[in-house]
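J.: I would like the atomic coordinates for the input below:
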Amino acid sequence: MSLEIVILAAGQGTRMRSALPKVLHPVAGNSMLGHVIHTARQLDPQRIHVVIGHGAEAVRERLAADDLNFVLQDQQLGTGHAVAQAVPFIESDTVLILYGDVPLIEVETLQRLLKLAAPQQLGLLTVELDDPTGYGRIVRNAAGKVTAIVEQKDANDAERAITEGNTGILAVPFERLGDWMSRLSNNNAQGEYYLTDVIAMAVSDGLVVATEHPHDAMEVQGANDRKQLAELERHYQLRAARRLMAQGVTLRDPARFDVRGEVTVGRDVLIDINVILEGKVVIEDDVVIGPNCVIKDSTLRKGVVIKANSHIEGAILGEGSDAGPFARLRPGTVLEARAHVGNFVELKNAHMGEGAKAGHLTYLGDAEIGARTNIGAGTITCNYDGANKWKTVLGEDVFIGSNNSLVAPVDISAGATTAAGSTITQNVDKAQLAVGRARQKNIDGWKRPEKLKKS
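T.: Numbers count the residues shown, from 1 in each chain. Alright, predicted model coming up:
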């Protein structure tokens, strides 16, 4: 069975009250449409067609990819009209119809739905709801077979009492779809071409309408306003938290934890409250992450400890190393095993060797720091001359005194020491002591200036 997927993403989303197209509003750091496309790709379709309308260029620019065919719906005349725009581009046996503002739909749910699609049968995803307000109702006959879908605005009182709602997600045989699209009518309360009308057509044509259901009703929840968007966000995060806990992660409070990307975890990981994991994050066994930390596109090896209020981005932290509290590791930072970065220390494109230490109030940029080297408090690498970046190289077992300015390019060899308060502008040879202070002068009889009296 060959498969193509149509994702409807043309709506304006007026209740969002935003210049941003509705489907580009984010859930867990990715647009709603981006989530749907990611799920669709996991079904290995021949092609994915994205029907766009409002904010079409912004959507196309944000999500353009070789495997996506963007189809323009000039006028938003309903879901049936939207699907009809994609029909001329489809060549596969089966078509799966998804929605760009329904980001939590699971791959496994769609796989079960696709198994229902056959030449004489279509698959319809429905959901049982305590309050189906706003959903089209699934109408069944006395034998329990689906006969039609009635939109709420067109439903009578008996139909509105039905609690089985239509999600709009369909798996249909393509050879039938074109004919059904040509027969759609807009003779309804909305004056739109409803995709749901194909259900009655299928029944009339002798096809079976088979139904499948999501395990979790939130899978098929869309977002039409900011409140619903926030509900999707929190449900996504709780789902992500449950998955991580099942893999051996202790979360101090799953309700105060966010994943905004792809996370790989080991066992016996401990994550405190208000931690955000962004991008691609790898966390190995026995890692501890303190409260209020952001970890983005980074790897934390076995036994790493990240203390409170630290920001780690584009960094690799070696086994048993630690950072924080209030540390900032910027892209290109590598800490080898047992390296230590303390409070209010910032590193950028810096490589700290095994057991190296920078304990307090320090900036190290474009630096190579040897094993066991100690960086005193208040030290900075002066790596930028206003036009170019330059490198600072510190050998093994170097001792940098407090309040040093290391003016790059500079090379301080193994075992060397720099005195506190020094500005180092020249290379230091192995085991030398470098003193780069201004000469102190004490002046007797000096008087402090006095404040001038106002006339």
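J.: going forward, measure contacts between C-alpha atoms and count neighbours the same way
T.: Fine.
J.: quick one, strands of the stretch 101-250 of the chain?
T.: 121-128, 137-140, 146-150, 164-173, 208-212, 249-251 (DSSP state E, counting those that start in this stretch).
J.: the last one pairs with which strands?
T.: What it means is strand 249-251. For strand 249-251, the paired strands and their directions (DSSP bridges) are strand 269-271 (parallel).
J.: the strand it pairs with: how far from the chain's middle?
T.: 20 Å (Cα atoms, centre = their mean, to the nearest Å).
J.: same question for stretch 186-196.
T.: With Cα atoms, centre = their mean, you get 36 Å for stretch 186-196.
J.: quick one: buried residues of it?
T.: 192-196 (16 or more other Cα atoms under 10 Å).
J.: which strand or helix spans residue 361?
T.: In this assignment (DSSP states H and E), residue 361 forms part of strand 357-369.
J.: I'd like the mean pLDDT over that strand, please.
T.: For strand 357-369, mean pLDDT is 98.
J.: could you do stretch 179-187 as well?
T.: On average, stretch 179-187 scores 91.
J.: for the strand holding residue 361, which helices and strands make contact with it?
T.: strand 340-352, strand 374-375, strand 380-382, strand 392-394 (3 or more Cα pairs under 8 Å, 6 or more residues apart in numbering; DSSP states H and E).
J.: now the ones you listed in CSV, with distance to residue 52?
T.: Below are those laid out as CSV (distance: least, Cα to Cα, whole Å):
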stretch, distance to residue 52
strand 340-352, 41
strand 374-375, 55
strand 380-382, 50
strand 392-394, 51
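J.: quick one: which of those is nearest residue 362?
T.: Checking the helices and strands packed on strand 357-369 against residue 362 by Cα to Cα gives strand 340-352 as the closest, at 4.6 Å.
J.: buried ones in that closest one?
T.: Going by neighbour count (16+ other Cα under 10 Å), the buried part of strand 340-352 is 340-352.
J.: mind listing what residue 115 touches?
T.: Residues near residue 115 by Cα atoms under 8 Å, 6 or more residues apart in numbering: residue 123.
J.: next one: phi and psi at it?
T.: Taking degrees, to the nearest 10, you get phi -70, psi -20 for the backbone angles of residue 115.
J.: who's in contact with residue 195?
T.: By Cα under 8 Å, 6+ apart, the neighbours of residue 195 are 78-81, 83, 168.
J.: let me know the closest of these to residue 65.
T.: residue 83 (20.4 Å).
J.: surely the closest one is within a strand?
T.: No - Residue 83 sits outside any strand when classified using DSSP: H, G, I helix; E, B strand; the rest coil, being helix.
J.: isn't it up against residue 9?
T.: No - contact criterion Cα atoms under 8 Å: residue 83 and residue 9 do not qualify, at 10.5 Å.
J.: which residue ranges make up each domain of this protein?
T.: 3-220, 226-434 (automatic domain parsing).
J.: of all those, which one is nearest residue 445?
T.: Closest of the domains of the chain to residue 445 is domain 226-434, at 26.4 Å (criterion: Cα to Cα).
J.: got the buried residues of stretch 186-196 as TSV, with pLDDT columns?
T.: Shown next, in TSV, are these (pLDDT from 0 to 100):
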residue	pLDDT
192	88
193	91
194	88
195	91
196	86
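J.: can you list the residues that contact the longest helix along the chain?
T.: Longest helix of the chain, by residue count under DSSP state H: helix 226-246. Under the contact criterion Cα under 8 Å, 6+ apart, helix 226-246 has outside partners 15-16, 27-28, 104, 218, 221-223, 251, 254-255, 257-259, 265.
J.: buried subset of these, written for PyMOL?
T.: Buried members of the contacts of helix 226-246, defined by 16+ other Cα under 10 Å, are picked up in PyMOL with:
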select buried, resi 16+27+28+104+218+221+222+223+251+254+257+258+259+265
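J.: now residue 370: how far from residue 303?
T.: Computed as Cα to Cα, to the nearest Å, the residue 370 to residue 303 distance reads 21 Å.
J.: ditto for residue 166
T.: On the measure of Cα to Cα, residue 166 and residue 303 end up 49 Å apart.
J.: do residue 311 as well
T.: From residue 311 to residue 303 the distance is 18 Å (Cα to Cα).
J.: okay, now the unreliable bits of the stretch 201-350 of the chain?
T.: Applying pLDDT under 70 to the stretch 201-350 of the chain flags no residue at all.
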